[in-house]
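Q: sequence-free structure coming up:
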């Protein structure tokens, strides 16, 4: 994710994702939204007044067109979104149950996004760079470390949200990438999986030894933030939960946006 590529503004935020669509199920209602992760974050940040753009790959189908329309309506720059003719846009169905939620994904074009689809000059003109769904970037993953090195060398601040690993392998290549990440946003389960421990404090300490700042979302419990040897936590206000889908993106979008480039 990144900011408006057309005005090449340094006051912008850039992002990268391999999917633009999500079908969402909540209790008895089903709705469509741009997502699953990156597009929703880009739209949220744009609604907060940030200049935001997105690099993605969609199919030449109605879902892809609808996703682009939603993003454009929210003010997100989409000129770097690639359309793969004859291919199908990815789709995710989320089933949020009280104790756990289940996610079913048809990858479509999300597996196909590669470095060849990315305009690095456009991205490096931005102020901040964000990638989500690390483990779903099968066409990009082998060059993810190179990509983060490049944008850091260009002076951008960076953030990463791995999301879940559908293969449940949690390979260590992501740990190398974290050395070039300013803000890392795992949830509690992901932090423990990545560090192969059931101790959240130990997981946060390990991850903060790689990324500059680690922010761990812990559901209804206090979120945890750690930078080096300093650690903070903040208990969220009690609210009546209707549907938690999308809360992660709301949580993230306010953190990197005010950070000056390179800090």
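A: Looks like it came in fine. In this text the structure is predicted, and so the values were computed from the model without any measurement.
Q: in the stretch 51-200 of the chain, which segments are predicted with low confidence?
A: Residues of the stretch 51-200 of the chain meeting the criterion pLDDT under 70: none.
Q: can we see that at 80?
A: Residue ranges of the stretch 51-200 of the chain with pLDDT under 80: 94, 96-103.
Q: can you pull out the helices in it?
A: Remark: helices assigned in the stretch 51-200 of the chain by DSSP state H, counting those that start in this stretch are 62-73, 120-124, 144-153, 173-177, 188-195, 200-208.
Q: Tell me the buried residues in stretch 63-82?
A: Neighbour counts over stretch 63-82 (16 or more other C-beta atoms under 10 Å) mark 63-64, 66-68, 70-71, 74-78, 80-82 as buried. Just so you know, the C-beta spots here come from the backbone N, C-alpha and C atoms, and that holds for glycine as well.
Q: Can I get the helices of the stretch 51-200 of the chain in CSV including distance to residue 160?
A: Formatted as CSV, the helices of the stretch 51-200 of the chain follow (distance: least, C-beta to C-beta, whole Å):
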stretch, distance to residue 160
helix 62-73, 21
helix 120-124, 15
helix 144-153, 8
helix 173-177, 7
helix 188-195, 11
helix 200-208, 11
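Q: and of these, who's closest to residue 163?
A: helix 188-195 (7.3 Å; C-beta to C-beta).
Q: Tell me what angle the closest one forms with helix 200-208.
A: Interaxial angle, helix 188-195 versus helix 200-208 (axes from the mean of the first three to the mean of the last three C-alpha atoms, to 10 degrees): 60 degrees.
Q: and helix 188-195, how far from the chain's centre?
A: In this view, helix 188-195 has its centroid 16 Å away from the chain centroid, taken as C-alpha atoms, centre = their mean, to the nearest Å.
Q: And for stretch 165-179?
A: Computed by C-alpha atoms, centre = their mean, the chain-centroid distance of stretch 165-179 equals 15 Å.
Q: now do stretch 174-190
A: Relative to its chain's centre, stretch 174-190 lies at 11 Å (C-alpha atoms, centre = their mean).
Q: The helices of the stretch 51-200 of the chain: which one's closest to residue 106?
A: Residue 106 lies closest to helix 62-73 among the helices of the stretch 51-200 of the chain, at 10.2 Å (C-beta to C-beta).
Q: packing partners for the closest one?
A: Under the contact definition 3 or more C-beta pairs under 8 Å, 6 or more residues apart in numbering; DSSP states H and E, helix 62-73 sits against helix 38-47, strand 57-59.
Q: coming back round to it: for residue 103, which of the helices of the stretch 51-200 of the chain is the nearest?
A: Closest approach to residue 103 among these (C-beta to C-beta): helix 188-195, 12.9 Å.
Q: Can you tell me what sits against the closest one?
A: Residues from elsewhere that reach helix 188-195, judged by C-beta atoms under 8 Å, 6 or more residues apart in numbering: 162-165, 168, 170, 174-175, 186, 198-200, 202-204, 206-207, 214, 216-219.
Q: Of the helices and strands packed on helix 62-73, which shows the lowest average pLDDT?
A: Ranked by mean pLDDT, the helices and strands packed on helix 62-73 end with helix 38-47 at the bottom, a mean of 70.
Q: and that one, what does it pack onto?
A: By 3+ C-beta pairs under 8 Å, 6+ apart, helix 38-47 packs against strand 12-16, strand 51-55, helix 62-73, strand 128-132, helix 247-253.
Q: could you redo the last one with a cut-off of 7 Å?
A: Using 3 or more C-beta pairs under 7 Å, 6 or more residues apart in numbering; DSSP states H and E, the elements in contact with helix 38-47 are strand 12-16, strand 51-55, helix 62-73, helix 247-253.
Q: what inclination does the third one have with respect to strand 51-55?
A: Going back to what we said before, that points to helix 62-73. Counting by the same axes, to 10 degrees, helix 62-73 points 160 degrees away from the direction of strand 51-55.
Q: so helix 62-73 versus helix 38-47, what angle?
A: On the basis of the same axes, to 10 degrees, helix 62-73 is oriented at 20 degrees to helix 38-47.
Q: count of residues packed around residue 99?
A: Counted with other C-beta atoms under 10 Å, the neighbours of residue 99 add up to 4.
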